[in-house]
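Participant: can't give you the sequence, but here's the structure:
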């Protein structure tokens, strides 16, 4: 089952979930703030993609952090400030993608099977 990790008020997340619905791709939505994050998920994302691919350093949450916070352990940082995760994050059995690009859409269409 496809899981979309994002924020309910994020425009890109809303576009992604709308697109998934239009393309009849079943998914579960998990709000990074309301539902929280599992440490194991964050560790897996960072191991697979690295902090540069997972952490949004251009957003207001990141810019509002102190230099000390920005330099802290990425897992701890993401768990404390889930809005710094680039979104949306798509996970499924054997798959992980971040963002909503044409390449990601192509991967997601492959899940329709």
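Facilitator: Done, it's in. Every value quoted in this text rests on a predicted model; they were computed, and no experiment measured them. Residues are numbered from 1 along each chain as shown.
Participant: centroid residue for this protein?
Facilitator: The structure's the chain has its C-alpha centroid closest to residue 89; by Cα atoms, centre = their mean the separation is 2.7 Å.
Participant: Helices of the chain, start to end?
Facilitator: For the chain, the helices defined by DSSP state H cover 11-22, 39-49, 51-54, 60-63, 67-70, 74-80, 102-109.
Participant: Tell me the helices and strands packed up against the second one.
Facilitator: In this case it means helix 39-49. Helices and strands in packing contact with helix 39-49 are listed as helix 51-54, helix 74-80, strand 95-98; criterion 3 or more Cβ pairs under 8 Å, 6 or more residues apart in numbering; DSSP states H and E. C-beta coordinates here come from the backbone N, C-alpha and C atoms, glycine included.
Participant: Next, the buried residues of it.
Facilitator: 41-42, 45-46 (16 or more other Cβ atoms under 10 Å).
Participant: any idea how far the residue nearest to residue 105 when sequence neighbours are not counted is from residue 93?
Facilitator: If the residues on either side of it in the chain are set aside, residue 105 comes closest to residue 19, at 7.1 Å by Cβ to Cβ, 6 or more residues apart in numbering. Using Cβ to Cβ, to the nearest Å, one gets 21 Å for the distance from residue 19 to residue 93.
Participant: who's more crowded, the two?
Facilitator: Counting neighbours by other Cβ atoms under 10 Å for residue 19 and for residue 93 shows that residue 19 has the greater number, 14 against 7.
Participant: Please tell me how far the more buried one sits from residue 4.
Facilitator: Summarising the geometry, the distance separating residue 19 from residue 4, computed by Cβ to Cβ, is 10 Å.
Participant: Neighbours of the residue nearest to residue 36 when sequence neighbours are not counted, how many?
Facilitator: Spatial nearest neighbour of residue 36, excluding adjacent residues (Cβ to Cβ, 6+ apart): residue 82 at 7.5 Å. Residue 82 has 21 neighbouring residues, counting by other Cβ under 10 Å.
Participant: ok, residue 82 - contacts?
Facilitator: By Cβ atoms under 8 Å, 6 or more residues apart in numbering, the contact set of residue 82 is 32-33, 36-37.
Participant: at 6 Å what do you get?
Facilitator: If a contact means Cβ atoms under 6 Å, 6 or more residues apart in numbering, then residue 82 has 32-33, 37 as its contacts.
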